[in-house]
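A.B. asks: I would like the atomic coordinates for the input below:
(one chain, ligands or ions: 1)
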Amino acid sequence: MLDLSSKATGIAPSQTLAIDTRAKALKEEGKDVVGFGVGEPDFDTPQYIREAGKRAIDEGKTRYTPVPGTLTLRKKIAEKFLKENGLSYKPSEILVSSGAKQSIFTALAAIVNDGDEVLIPSPYWVSYPEMVRMVGGVPVFVPTRQEDDFRVTAEAVRALATERTKALILNSPSNPNGCVLPGGTLRELAQVAVEKRFYVISDEIYEKLVYDGEKHVSIASFGDEIKAQTVVINGASKAYAMTGWRIGYAAGPANVIKAMSAYQSHAASNACSISQYATEAALSGGEEELSKMVAAFDARRKLIHKLVNDAPRLSAFLPKGAFYIMVDLRGVLGKRHRGVAVESAEAFAELLLDEEFVAVVPGEAFGAPGFIRLSYATSEERIREGIRRMAAFVGKMES
Ligand SMILES: Cc1ncc(COP(=O)(O)O)c(C=O)c1O
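C.D. replies: As a prediction, this is how the structure comes out:
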């Protein structure tokens with residue numbers, strides 16, 4: 001067998017998708033699996049968006065589009081930024097990609113040199129550190145604590161910024177912990193970024209999924225200086241239940257978007273033409289569908305938070321956004337299951353899947369050992385069943 005590249009062999013495959021694969025295999029064996037693993041809305045893409053996709057096919061809009069996306073879609077995205085985020089971008093400052101994941105990767109590829117440091121608040125979305133490594137950068141983790149609602153602070157960022165710091169990745173609302181950063185914190189973070197001269201990649205993919213009257217604010221909206229250093233990431237996957245359509249987008253300074261576009265022109269050309277037309281429709285309406293989805297997530301969020309905190313030895317922080325909850329296992333780890341001590345969230349997650357058929361993601365995957373992440377993008381009935389099984393499993397563990 002010939003060698004693979006050291007870059008490729010150094011990459012850890014996505015643990016979220018690994019759990020999902022194992023859960024799917026058990027389902028195929030006929031097991032009644034409760035899936036809290038993968039992060040996608042369980043709603044169907046709204047009808048008006050599906051119709052727009054079908055229309056695009058029937059009208060033959062099935063050819064290559066410009067690399068950065070159709071002009072009409074980029075204009076629609078520019079309108080969205082102005083209306084919802086108070087940000088003014090020209091179409092030349094916007095790039096459409098095959099999912100927000102590709103947008104983030106391409107942004108990193110455009111700005112990170114070998115050895116550059118990229119600050120990542122921890123716990124983090126699984127893909128950030130691997131993406132940074134894939135482009136030759138060095139991830140530097142900025143710790144946050146459950147006791148502080150997982151909010152990253154400007155002081156913590158300042159303390160870790162060096163002359164090699166090229167960027168900070170922000171994700172508010174956050175996957176995995178549902179933290180929504182308040183405007184004051186974002187303003188302070190913007191000041192540090194401007195003062196220390198590093199980019200901010202602001203992943204705002206969960207912007208529409210906020211609860212308890214929280215309001216999403218984009219860090220780029222705190223003035224021209226920070227806007228000129230920020231690449232805002234967003235997309236259709238989470239807000240419009242369009243995960244499979246693969247549309248994400250980035251907005252930022254023209255030179256960064258141009259470099260990203262050049263990179264994408266060789267790596268992927270354009271995002272799927274049909275999906276681009278469907279996203280144009282998505283951005284043109286559907287507030288009613290969205291608010292129904294948000295209301296359902298909100299009810300599930302409250303339910304899962306209560307059930308987890310009612311369960312023996314488990315506790316969880318009430319998330320303010322997205323559709324994930326982090327469960328604190330610190331009251332469980334070290335206890336024994338069938339005589340064997342369960343020492344890590346990973347071991348806990350494996351046992352829970354194999355014995356109770358409940359799929360969760362262990363915290364090691366996102367820099368939070370001692371925690372598991374549950375996605376509550378599933379029905380209230382499945383949430384009740386899954387947490388019932390988890391509570392029973394934990395209740396049986398011996399000291
Ligand atoms: C924080 C975060 N950013 C980006 C993405 C990727 O979104 P997309 O499906 O548009 O690539 C996800 C998906 O899980 C996510 O959780």
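A.B. asks: contacts, neighbours, all on C-alpha from now
C.D. replies: Noted.
A.B. asks: which stretches of the stretch 51-200 of the chain form helices?
C.D. replies: 71-80, 100-111, 127-134, 154-160, 183-196 (DSSP state H, counting those that start in this stretch).
A.B. asks: out of the ones you listed, nearest to the ligand?
C.D. replies: Closest approach to the ligand among those (C-alpha to the nearest ligand atom): helix 100-111, 3.7 Å.
A.B. asks: ok so, going back, tabulate the helices of the stretch 51-200 of the chain in CSV, adding columns for mean pLDDT.
C.D. replies: Below are the helices of the stretch 51-200 of the chain laid out as CSV (pLDDT from 0 to 100):
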stretch, mean pLDDT
helix 71-80, 98
helix 100-111, 98
helix 127-134, 95
helix 154-160, 98
helix 183-196, 98
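A.B. asks: so which of these gets nearest residue 369?
C.D. replies: Residue 369 lies closest, by C-alpha to C-alpha, to one member of those: helix 127-134, at 15.8 Å.
A.B. asks: close to the ligand, is that closest one?
C.D. replies: No - if you take C-alpha under 6 Å from any ligand atom as the test, helix 127-134 misses the ligand, and the best it gets is 8.2 Å.
A.B. asks: For that helix, output the C-alpha coordinates as CSV.
C.D. replies: The C-alpha coordinates for helix 127-134 follow below in CSV (Å, rounded to 0.1, in the frame of the first residue of the first chain):
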residue,chain,number,x,y,z
SER,A,127,-14.8,20.7,12.5
TYR,A,128,-13.0,24.0,13.4
PRO,A,129,-9.7,22.6,14.8
GLU,A,130,-9.4,20.0,12.0
MET,A,131,-10.1,22.6,9.3
VAL,A,132,-7.4,24.9,10.8
ARG,A,133,-5.0,22.0,10.7
MET,A,134,-6.0,21.1,7.1
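A.B. asks: orientation of it relative to helix 100-111 in degrees?
C.D. replies: Using axes from the mean of the first three to the mean of the last three C-alpha atoms, to 10 degrees, the inter-axis angle of helix 127-134 relative to helix 100-111 is 40 degrees.
A.B. asks: And the contacts of the helix or strand harbouring residue 393?
C.D. replies: For residue 393, the element it lies in under DSSP states H and E is helix 380-396. If you take C-alpha atoms under 8 Å, 6 or more residues apart in numbering as the criterion, helix 380-396 is touched by 34, 300, 303-304, 307-308, 311-313, 332, 337, 352, 356, 358, 376.
A.B. asks: For it, which residues meet the burial criterion?
C.D. replies: 380, 382-384, 386-387, 389-391, 393-394 (16 or more other C-alpha atoms under 10 Å).
A.B. asks: same question, stretch 327-336
C.D. replies: Quick answer for stretch 327-336 (16+ other C-alpha under 10 Å): 327-330, 332-336.
A.B. asks: Minimum pLDDT in those, which residue is that?
C.D. replies: Across the set of the buried residues of stretch 327-336, residue 330 stands lowest in pLDDT, at 91.
A.B. asks: Which residues are in contact with that one?
C.D. replies: Counting by C-alpha under 8 Å, 6+ apart, residue 330 has contacts 314, 370-371.
A.B. asks: I figured residue 98 was touching residue 243, is that so?
C.D. replies: No - the criterion here is C-alpha atoms under 8 Å, and residue 98 misses it with residue 243 at 10.3 Å.
A.B. asks: before we move on, the earlier item: quick one: which of the contacts of residue 330 is most hemmed in?
C.D. replies: residue 371 (29 neighbours; other C-alpha atoms under 10 Å).
A.B. asks: need the contact list for that one.
C.D. replies: 326-330, 345, 362-364 are the contacts of residue 371 under C-alpha under 8 Å, 6+ apart.
A.B. asks: Of those residues, which belong to strands?
C.D. replies: 326-328, 362 (DSSP state E).
A.B. asks: which among these are in contact with the ligand?
C.D. replies: Near the ligand, taking C-alpha under 6 Å from any ligand atom as the test, no member of the ones in strands among the contacts of residue 371 is found.
A.B. asks: Just flag the most distant two among these.
C.D. replies: 328 and 362 (10.8 Å).
A.B. asks: List the residues that contact residue 72.
C.D. replies: residue 280.
A.B. asks: again, only this time at 10 Å
C.D. replies: Applying C-alpha atoms under 10 Å, 6 or more residues apart in numbering to residue 72 gives the contacts 78, 91, 276-277, 280.
A.B. asks: Chain neighbours aside, what residue packs nearest to residue 251?
C.D. replies: residue 94 (4.5 Å; C-alpha to C-alpha, 6 or more residues apart in numbering).
A.B. asks: Residue 150 contacts residue 173, doesn't it?
C.D. replies: No - the criterion here is C-alpha atoms under 10 Å, and residue 150 misses it with residue 173 at 11.0 Å.
A.B. asks: Give the residues shared as contacts by those two.
C.D. replies: Joint contacts of residue 150 and residue 173 (C-alpha under 10 Å, 6+ apart) are 179-181, 319.
A.B. asks: Can you list the buried residues in the helix or strand where residue 309 lies?
C.D. replies: Assigned by DSSP H and E, residue 309 belongs to helix 287-310. Using 16+ other C-alpha under 10 Å as the test for burial, helix 287-310 gives 290, 293-294, 297-298, 300-301, 304-305, 307-309.
A.B. asks: swap in stretch 238-249?
C.D. replies: 238-243, 245-249.
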